[in-house]
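Student: Would you be able to build a 3D model of this:
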Amino acid sequence: MRKDRPFTASLSDLTFQDLIGIAKRQKWWILGALLLFIGLASLFSILQKPGYQSFAQLRLEGDTQSSVRRNDGTGLSVITDPVNNMDVLTQIQMLQSSNVFFKALQAVNIPIPQTAKDIENLPEVRVNQIGTTQIIQLAVIAEDPDTARALTTALVNSYKTQREADQRERITRSLAFVAARLRDENEAMTKLQNDLASYRQQNRIVDIQTETSSRLQQKQIADNQLAEAQNEAVAAEQAYNSMVATYNATPQVRTIVTNQPNREQLESEKTKLAELKNIRERSLAVYLPEAPQIRQLDAQIAEQQRRIDSLEQAFETTVTTYNTQRDVYAQDVMRAQANMTGARARVQRAQANVAQRAQELNALAPLIASLTSLGRQMEDRQQSIVRLTATRDELQLRNNELKTLVDEITPAQPSRKIRPNWGINLALGSVLGLLAGLLLAITLDIAKDKVNTAEQATFVTEKDILARIPMRSRNAHPLISDPTRARAFEAYRLLRSSALLATADEHVGSFLVTSSKSGEGKSVVASNFAVALALEGKRVILVDSNLRTPILHKIFGLKDEKGLTHAIEDPTLLDEILQDTQFDSLKVITAGERVANPTELLGGPQMAKLAEVLKSKADFLVFDSPAAFNYADAQSLVGSVPTVLFVTDLGTPNKSELRESVAMLDYAHANVLGLVINKDRSAASRLA
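Tutor: Down below sits the predicted model:
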């Protein structure tokens, strides 16, 4: 089952070609809707009150959507600019307010409305901003041209007057506010000055900087004195410790050693020692140090040295007495201790002085904080007084040099008639009529559920298109008499090629031509298709199996005295029943006598035998049968002629009829080769 080209009835799936087709099919509904809306537009134009428009262009001071002024965010910024802080859109609403409008009405002697009906009869006011600029256009529409222009001028003057009044009122309120603030600030400043003087007098402080500098200097002097006293104390303590160590190291008694040696004997022994050393030196020139002679001399020298040492000790004498130096050191220790005690006392006095000076300096901190806070408050008040004074001066200057914030760029123009506008009304009515007509046409077309395009037909039946037969003139004969010259016959040649190629493997010799409903042109298609087969030199028999409303005898101009019904009852009459046509290879069997049971007759065994007989007499058989949706004749005939060419005229059957017709043939085991689109308006362009 092929589902690659789905179809739905959704408006979003309609193409431009679909809309063109719908417009052609439902043209009378579209034309009716168009005429209806044109009539309504004409009636509206006739009933519409006349209107004359005058306009003026103004430039308003204020913010727009694209440019917004920024201030410093304080309250004073709003006070210093009390007029320009209204944006353009707000001013447009003010211009349209009843206050401004009623004053303008009074200026042009138009009564103030009292009822809703009076309001409806008032002139119309339109205010539009030009882009995102500060320029606006004020338009007044009235039934009288002079009234429109006069009211436009009055509205401009009324708004100017109100804006100027608002300016003066806001400046006056701002001046009063600033004056009250200045009075409050001056009173607060006076109170702060009195508090500062009282505080200084109470704490005996004339100048905070001088007092701070003096106390810092005294503190620094005390710190320096403490450092000097501490250094002296450290030095005195070190001197004391040194004297104590010296005193403790001095013994209470001292020993005196005296020597009284024999000088002559000692000198004699030393002379001998010297001689021995000289001999050893002279011997080293001859002997080595390890030689016995040298060792002997070394022993003699050592012995001589011991003798000399013993002579020196033998004559020492030791005497023990009291050490008088100890008393001297004791006096020095006492003096050092006195110096250390005095130095420590001076350190304690210096520390007490430093603590006192620090306490005095610390006591100054809260005083400084209080004085600083008072000074800062006075400074803030002073700055506020300066700003408020400048603001007051600026407001007074603006009040003296007050100018309007509304510039009249274009004064009120002469009035022109804008309604009724027949051109626009009729054009709008035409467009709405076309849209409504097209929407109605689409609704009707979808409601009818017709098969309007080949794509819809292929989707509904799931069959391919074999050929497209172009639409011909109604005056033209259904049978194409000169196939060699008629361009329309080319479509039947295409149909012949498609049918033969589709059945090439099956060697099909008979075709059944049917459609969903009567009037789709299946008989004409069957006739011309038979002619196309005959032009190839094939023997073709065209059988009119439409026993209900036969028409082939009329198409070919033949008699319908004996036909298919007689041949079914007596096949021996077949040669008498076959009728010649203007085409040599084509013969026709007409329907013959009408019967009460055509469905049973066509589906019976005698019909099947007749079909076999006809196959032996021709190369191809073409059967024209009744509509498949209306009658069961085609399904009955499928048993004898299973190969079907299904003809459809787009726009005639609906989807359900086309789908069920093909489905019933499929249920009867027919071989539906495909669809033949008849009366196709696009087929002529394909053959061009």
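Student: just the helices in the stretch 401-550 of the chain please.
Tutor: Using DSSP state H, counting those that start in this stretch, the helices of the stretch 401-550 of the chain run over 422-448, 454-461, 490-502, 522-534.
Student: Could you dump those helices into CSV and include distance to Ala355?
Tutor: C-beta coordinates here come from the backbone N, C-alpha and C atoms, glycine included. Listed next are the helices of the stretch 401-550 of the chain as CSV, based on distance: least, Cβ to Cβ, whole Å:
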stretch, distance to Ala355
helix 422-448, 103
helix 454-461, 112
helix 490-502, 127
helix 522-534, 133
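Student: which one of these is the most hemmed in?
Tutor: Of all these, helix 522-534 has the most neighbours on average by mean count of other Cβ atoms under 10 Å, namely a mean of 26.
Student: tell me what it is packed against?
Tutor: helix 490-502, strand 510-515, strand 540-544, helix 552-556, strand 586-589, strand 620-624, strand 643-649, strand 671-680 (3 or more Cβ pairs under 8 Å, 6 or more residues apart in numbering; DSSP states H and E).
Student: Identify whichever of the helices of the stretch 401-550 of the chain lies nearest to Ile30.
Tutor: Relative to Ile30, the nearest member of those by Cβ to Cβ is helix 422-448, separated by 3.4 Å.
Student: quick one: average confidence on the closest one?
Tutor: When pLDDT is averaged along helix 422-448, the result is 81.
Student: what separates it from the chain centre, distance-wise?
Tutor: 38 Å (Cα atoms, centre = their mean, to the nearest Å).
Student: Stretch 645-654 too?
Tutor: Centre-to-centre, stretch 645-654 and its host chain are 52 Å apart (Cα atoms, centre = their mean).
Student: again with stretch 480-490
Tutor: The answer for stretch 480-490 is 65 Å, by Cα atoms, centre = their mean.
Student: buried stuff in it?
Tutor: Residues of stretch 480-490 classed as buried by neighbour count (16 or more other Cβ atoms under 10 Å): Ile480, Pro483, Ala488, Phe489, Glu490.
Student: Show me what it is in contact with.
Tutor: For stretch 480-490, the surrounding residues in contact (Cβ atoms under 8 Å, 6 or more residues apart in numbering) are Ile469, Pro470, Arg472, Tyr492, Asn528, Val531, Ala532, Leu535, Gln582, Ala684, Leu687.
Student: Dump those residues into CSV; add pLDDT as well.
Tutor: What follows is those, written out as CSV (pLDDT from 0 to 100):
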residue, pLDDT
Ile469, 89
Pro470, 89
Arg472, 82
Tyr492, 92
Asn528, 93
Val531, 93
Ala532, 92
Leu535, 91
Gln582, 91
Ala684, 56
Leu687, 47
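Student: which of these lies closest to Asn186?
Tutor: Distances from Asn186 to those, taken as Cβ to Cβ, are shortest for Ala684 (102.9 Å).
Student: Number of residues surrounding Ala197?
Tutor: Around Ala197 there are 10 other residues, counting by other Cβ atoms under 10 Å.
Student: The closest residue to Phe101 other than its chain neighbours: what secondary structure?
Tutor: Leaving aside its chain neighbours, Phe101 sits nearest to Val125 (6.6 Å; criterion: Cβ to Cβ, 6 or more residues apart in numbering). Recorded secondary structure, Val125: strand (DSSP: H, G, I helix; E, B strand; the rest coil).
Student: For the contacts of stretch 480-490, work out which two are farthest apart.
Tutor: Among the contacts of stretch 480-490, Gln582 and Ala684 lie farthest apart (Cβ to Cβ), at 25.5 Å.
Student: More neighbours: which of the two?
Tutor: Legend: neighbour count by other Cβ under 10 Å for Gln582 and Ala684, higher for Ala684 (15 against 10).
Student: who's in contact with the nearest residue to Thr503 once chain neighbours are set aside?
Tutor: Nearest non-adjacent residue to Thr503, counting by Cβ to Cβ, 6+ apart: Thr643, 6.3 Å away. Thr643 makes contact with Thr503, Glu506, Val508, Ser510, Phe511, Leu512, Ala670, Asn671, Leu673, according to Cβ under 8 Å, 6+ apart.
Student: so how far is Ala148 from the nearest residue to Phe44 once chain neighbours are set aside?
Tutor: In space, and not counting its chain neighbours, Phe44 is closest to Asn425: 6.1 Å by Cβ to Cβ, 6+ apart. Distance, Asn425 to Ala148, by Cβ to Cβ, to the nearest Å: 21 Å.
Student: ok, now Tyr159?
Tutor: Going from Tyr159 to Ala148 by Cβ to Cβ gives 17 Å.
Student: ok, now Glu569?
Tutor: Distance of Glu569 to Ala148, given as Cβ to Cβ: 95 Å.
Student: More neighbours: which of these two?
Tutor: A direct count of neighbours by other Cβ under 10 Å for Glu569 and Ala148 places Ala148 higher, at 26 against 14.
Student: That one is in contact with Leu155, isn't it?
Tutor: No. If you go by Cβ atoms under 8 Å, Ala148 and Leu155 don't touch, sitting 10.8 Å apart.
Student: Return every residue with contacts to both of the two.
Tutor: Common contact partners of Ala148 and Leu155 (Cβ under 8 Å, 6+ apart): Val140.
Student: What is the neighbour count of Asn546?
Tutor: The number of residues packed near Asn546 is 27, by other Cβ under 10 Å.
Student: which residues touch it?
Tutor: Shown in contact with Asn546 (Cβ under 8 Å, 6+ apart): Ser523, Leu552, Ala591, Asp624, Ser625, Pro626, Asp633.
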